[in-house]
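# Please find the sequence and the predicted model below.
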Amino acid sequence: MTANAPSLARADGSPVRVLVVDDEPNLTELISMALRYEGWDIRAAATGSSAVREAKDFKPDAVVLDMMLPDFDGLEVLRRMRDENPSVPVLFLTARDAVEDRVAGLTAGGDDYVTKPFSLEEVVARVRALLRRAVVLAPEPTSILAVGDLTLDEDSHEVRRAGTEISLTATEFELLRFMMRNPKRVLSKAQILDRVWHYDFGGQANVVELYISYLRKKVDAGHEPMIHTMRGAGYVLKPTP
């Protein structure tokens, strides 16, 4: 998948669909492979008539369309596709360098074009750009943890309770993050040591008690307590009633 590029998906979370239309089998396979590598669902067609049929059945989110096909040209394919799906974005492939041909494709409703020979990376980048305009981005994991009125932003490291910002040290932040990722779950001192300090303190497990007390003073001060001690078991973070 393209480095650092966000995932693209349909609104229901399924892979985006791209139809590749070209009468050169080798080129069609290369483009299809490059697009499948992005995690997208790909179908191919070699003629204008089969492209129109595939588009009707497959309902693609984008089309890579050769201007020159054996039965009728890409402009006619585009016209027929748009009868079924008026908004499907289309990237034209053309071997022509004439400016008027490019203009004709864009005037007819094509969204972009590349001229043969082209790099597969360019095709993927242009299709991705078209999809961004038309397809819902797959939901990215939120950086915000929330338990009751307590929130923690894993990216900015901001912590708030009831809207009031709480200043934490790096270790306090890691401890609270671990507890907020496991709300209502009793966490033993050994688990906390392993997760927050990354090694066993042996007889120094009281470091956990110390940092729990630090957190209580900052998180629970002036509020109903959220951090609770479970005698002989560990600690638990619970939202207030």
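Happy to help now that I have it. Numbering: from 1, shown residues only.
# And for stretch 160-179, what's in contact with it?
Judged by CB atoms under 8 Å, 6 or more residues apart in numbering, the contacts made with stretch 160-179 from elsewhere in the structure are 145, 149-152, 154, 157-159, 187, 192, 195-197, 211-212, 214-215, 218-219, 223, 227, 235-237. Any C-beta I mention is one placed from the backbone N, CA and C, and that applies to glycine too.
# Sketch out the helices for the protein, chain order is fine.
Residue ranges of the helices in the chain, as given by DSSP state H, are 25-36, 48-58, 74-84, 99-107, 120-134, 170-180, 189-192, 206-215.
# Least reliable of those helices by average pLDDT, please.
Comparing mean pLDDT over the helices of the chain, the weakest stretch is helix 99-107, at a mean of 57.
# any idea what sits nearest Glu54, other than its immediate chain neighbours?
With CB to CB, 6 or more residues apart in numbering as the criterion, Glu54 has its nearest non-adjacent residue at 4.8 Å, and that residue is Ala45.
# correct me, but that neighbour touches Ala51?
Yes: checked against CB atoms under 8 Å, the pair Ala45 and Ala51 is within contact range at 4.0 Å.
# Common neighbours of those two, please.
Common contact partners of Ala45 and Ala51 (CB under 8 Å, 6+ apart): 19, 21.
# From Val90, how far out is the nearest residue to Gly74 once chain neighbours are set aside?
With CB to CB, 6+ apart as the measure, Met67 is the residue that lies nearest to Gly74, at 4.1 Å, once sequence neighbours are left out. In this structure, Met67 and Val90 are 11 Å apart, going by CB to CB, to the nearest Å.
# How about Asn26?
Applying CB to CB, the value for Asn26 to Val90 is 22 Å.
# swap in Asp73?
Spatial separation of Asp73 from Val90 under the definition CB to CB is 13 Å.
# out of these two, which sits in the busier spot?
For Asp73 versus Val90, neighbours defined as other CB atoms under 10 Å are more numerous around Val90 (25 against 17).
# quick one: that one and Asp66 touch, right?
No: using CB under 8 Å, Val90 is not in contact with Asp66; the gap is 11.0 Å.
# how deep is Ser119 tucked in, by neighbour count?
Using other CB under 10 Å, Ser119 is surrounded by 10 other residues.
# meant to ask about Glu224
The criterion is other CB under 10 Å. On that basis, Glu224 has 11 neighbouring residues.
# Just the pLDDT for it.
94.
# State the distance from it to Arg161.
Going from Glu224 to Arg161 by CB to CB gives 10 Å.
# Next: Arg43.
52 Å.
# Of these two, which one has the most company?
A side-by-side neighbour count of Arg43 and Arg161, using other CB under 10 Å, places Arg161 first with 20 against 16.
# does that one have beta-bridge partners, and which?
Residues found in beta-bridge contact with Arg161 (criterion: DSSP bridges) are Leu150, Thr164.
# so what pLDDT did it get?
Reported pLDDT at Arg161 in the predicted model: 94.
# quick thing: my sequence starts at 613, can you match it?
Renumbered: residue one is now 613, and that last one reads Arg773.
# From Ala845, how far out is it?
When Arg773 is compared with Ala845 (using CB to CB), they lie 25 Å apart.
# do Asp724 as well
Distance of Asp724 to Ala845, computed by CB to CB: 61 Å.
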